[in-house]
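K.L.:
Provided below for reference: sequence and predicted model.
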Amino acid sequence: MKHRLERVALGAVVMVVLVACGGGAASTAPSSSPASAASAAASPASSSSAVASPAPATTSPAATGGAASPPSLPSLPAIFSSHADPELEAQLPAEVSGTPLQRYSLTFTESLDAGGDRAAVDAFLQGIGKSEADGSFAVALDPTNTLTGGIFAFKVDGADTAVLLEAIVSLEKSDLGADATTRQATVGGKSVTILSVGTGPNDTEWIYGRGDVVFVVHADDETRAAAFLQALP
């Protein structure tokens, strides 16, 4: 699966969590989708991919006569020190089920400059009459993986709720594939669109719109999803 929006949102964090949890960058085979990236950050075994994170250039093997050193990765504190949209972050919970969550945010432009799928994201934004300059995202997750899953918040300034929600659901569904199904439900007190392609921890998303923000929740089951959704405004 490839999730283009969340690929923008996670950036380097997936790679750092993989390393922090003892798995090297080569220990998984992430794909490039927006939705599964949330689970990738919280679950190192996931199949999602993240945007390439900016890292210092490495010296080529030819120049040193030996194998090139792997690029250095930023620490979790460095990643979570990015707060481009604090108002959007404030809509995400600081804790869920007693577990503290870490939050960070970036503008779409900042993340795309770091290696996101600019063509896909720009096409998505143009489809709703917006541009990169109108967009930002925030993420809340538990980097220790005690609480699997996480919440992505995508904000597009001035976007109509229904239009933005429909566009994101459509993009996510196309990423999940032809077998993906959608249904409406009330979970955690919120009216959500449930998008699913299977029963695995990365196979279902709970998508909820409010104002010019759409929240995409990843969880390993509906009980956990309800806990995340209850914590949202």
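P.N.:
Good, I have the coordinates. As the structure is a computational prediction, the values presented were derived from the model and not from experiment.
K.L.:
max-length helix in the protein?
P.N.:
Ranked by residue count under DSSP state H, the longest helix found in the chain is helix 161-176.
K.L.:
Dump that helix to CSV, keeping only the CA atoms.
P.N.:
Provided in CSV are the C-alpha atoms of helix 161-176 (Å, rounded to 0.1, in the frame of the first residue of the first chain):
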residue,chain,number,x,y,z
THR,A,161,-15.2,20.4,5.4
ALA,A,162,-17.2,18.1,3.0
VAL,A,163,-15.0,18.9,0.0
LEU,A,164,-11.8,18.3,2.0
LEU,A,165,-13.1,15.1,3.6
GLU,A,166,-14.3,13.7,0.3
ALA,A,167,-10.9,14.5,-1.4
ILE,A,168,-8.9,12.9,1.3
VAL,A,169,-11.1,9.8,1.5
SER,A,170,-10.9,9.5,-2.3
LEU,A,171,-7.1,9.8,-2.2
GLU,A,172,-6.7,7.3,0.7
LYS,A,173,-9.1,4.8,-1.0
SER,A,174,-7.1,5.0,-4.3
ASP,A,175,-3.9,4.3,-2.3
LEU,A,176,-5.4,1.3,-0.5
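K.L.:
Going forward, count from 263.
P.N.:
Okay, using 263 as the starting number, the last item reads as helix 423-438.
K.L.:
Give me the mean pLDDT for that helix.
P.N.:
For helix 423-438, the mean per-residue pLDDT is 91.
K.L.:
What are the buried residues along it?
P.N.:
425-427, 429-431, 433-435, 437-438 (16 or more other Cβ atoms under 10 Å). Backbone N, C-alpha and C define where each C-beta goes, glycine included.
K.L.:
Out of those residues, which comes closest to residue 475?
P.N.:
residue 426 (8.0 Å; Cβ to Cβ).
K.L.:
Against residue 376, how distant is the closest one?
P.N.:
23 Å (Cβ to Cβ, to the nearest Å).
K.L.:
Sounds good, over and out.
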